[in-house]
Every structure is written in C-alpha cells, then in structure tokens.
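In: Pasting the sequence and the predicted model now:
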Amino acid sequence: MSHPEKYPDPHNDINANTVFGFWIYLMTDFILFATLFATYAVLEKGTFGGPTAKQLFHLPYVLVETLLLLGSSFTCGLATLHIEKNNIRKLSGWYGATFALGLAFLLMVGAEFVQLINEGHTWDKSAFLSAYFTLIGTHAIHIFFGLLFIPVFIGDVLRRGLIPVTIRRLTCLKLFWFFSYIVWIFMFTFVYLMGVSSNG
C-alpha cells in the first residue's frame, strides 16, 4: 500500500526552498570549478622543464576511475527509484553500492597522488603540478564528503523512514553526486584525455 502522505509536496515551501537553495550551492560550486579549470588551462604548459601531462598520466588507469564513478552514478540513480516505492531495503542496498564504487574511485585517485609524490612530482615542483593537484584534489574532497553523507543520510532513513525531511536530503545527495560525476567527465576530457593527446 502506498503512503503518499510521506512524500514531500513539490509545491511545499520548505521543500522547494531547500532544493532551490541547494541548486544555488551547486552554482557556486560550478563557479569554483570553472575558475580552477581556467587556472589549469593557463598553467598547464608551465612545467619548468619537468614532466608534462602526456608523460605523467596513464589513460587506462584514469578510464577505470571514470568507469567506477559512472557506475556509482548509475547505482545512485537506481537507489532514488525506490523512494517512490517506499522500499528502504533496496534503497539502502543501491546506496551501499554507490558508496563502494565511490570509495574505490577515491582510493584510486589517492593512489595516483601518492605515486606522483613518491616519484618527486609534488605540487610545488611546477605551476602545472600545482594546478593539477588543486583541481583534482578539490574534486576528491567533494567525493569524500559525498561518501560521508551517504551513511549519515541512509542511517537517518533507517531510523525515521522515508519522510519529507529524509527524502529532501536524499534528493540533495543525488544532485551533489551527479554534479560531481559531471565535473569529473570534464576533468577526464580536459585534463587527462587532452593532456595525453597533446603534442607538448
């Protein structure tokens, strides 16, 4: 039996203001990343005689990262389908898969950073590396916080059920996760793919 009273009215002022406010936050995040992309574009050639993007990046490795994040976005989408069905078990299961895939992605990014640092390619070696670590690191921080939100919000759902406030939080989480994936696609194309195919 469905329980429509549990779901937030889309015309409800609190619900609308919450989602609208979160969209405003995402727009500020978009400006942040746009600024970081612009900075990277300016500094990419500033290697100061050090290795270039083509020499440092391994496209197959980054492709695996991309597929992991793509998979996590897919499972996140599947999870939200079960909100209207009021199926907390499947909702939790798909968000568990989202968490696992997102964590695997983050660990791969961390391993990539560690390898670069161990090889002496630290952020202070060139303007290019400074821009690279800042851009990719900022995105990794977003994924980290997204991973923190998943167990917190799902734990709230398990305690309180699918009520308007928990559904609003899951809606914001979904928007945040999809936004982070879209930003990564730009990074994969602009930083890695174009970097590896560059003649520089």
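Out: All right, it came through fine. Computed from a predicted structure; not experimentally measured. Numbers count the residues shown, from 1 in each chain.

In: Show the residue spans covered by the helices in this structure.
Out: Remark: helices assigned in the chain by DSSP state H are 13-43, 53-56, 59-84, 88-118, 127-160, 164-187, 194-197.

In: count of residues packed around the closest residue in space to W123 that isn't next to it in sequence?
Out: Spatial nearest neighbour of W123, excluding adjacent residues (C-beta to C-beta, 6 or more residues apart in numbering): F133 at 4.0 Å. Glycine gets a C-beta too; all of them are placed from N, C-alpha and C. When neighbours are defined as other C-beta atoms under 10 Å, F133 has 18 of them.

In: Do I have it right that A140 meets A111?
Out: No. Counting by C-beta atoms under 8 Å, A140 sits too far from A111 to count as a contact (11.5 Å).

In: pretty sure the residue nearest to W123 contacts V114?
Out: No. Between F133 and V114 there is no contact under C-beta under 8 Å: 12.0 Å.

In: center of this protein - which residue?
Out: S180 (3.0 Å; C-alpha atoms, centre = their mean).

In: In the protein, where is pLDDT below threshold?
Out: For the chain, applying pLDDT under 70 flags the ranges 1-16, 199-200.

In: before we move on, the earlier item: pull the contacting residues for the residue nearest to the centre of the chain.
Out: L69, H139, H142, I143, G146 (C-beta atoms under 8 Å, 6 or more residues apart in numbering).

In: can you do 6 Å?
Out: H142, I143 (C-beta atoms under 6 Å, 6 or more residues apart in numbering).

In: ok, back up a step: specify which residue of A140 and A111 has the higher count of neighbours.
Out: A count of neighbours by other C-beta under 10 Å puts A140 above the other of A140 and A111, at 18 against 12.

In: Could you double-check that K54 lies in contact with V196?
Out: Yes. K54 is in contact with V196 according to C-beta atoms under 6 Å; the separation is 5.5 Å.

In: nearest spatial neighbour of G77, skipping sequence neighbours?
Out: K174 (7.6 Å).

In: Please work out how many residues are found near the one you found.
Out: 18.

In: Would you agree it is in contact with L78?
Out: No. At 10.9 Å, K174 and L78 do not qualify as touching, with contact defined as C-beta under 6 Å.

In: Tell me, how many residues neighbour the closest residue to A140 other than its chain neighbours?
Out: Leaving aside its sequence neighbours, A140 sits nearest to V109 (C-beta to C-beta, 6+ apart; 5.1 Å). V109 sits with 21 neighbouring residues when counted by other C-beta under 10 Å.

In: Could you do G21 as well?
Out: Around G21 there are 11 residues (other C-beta under 10 Å).

In: measure it to E65 for me?
Out: Relative to E65, G21 is positioned 31 Å away (C-beta to C-beta, to the nearest Å).
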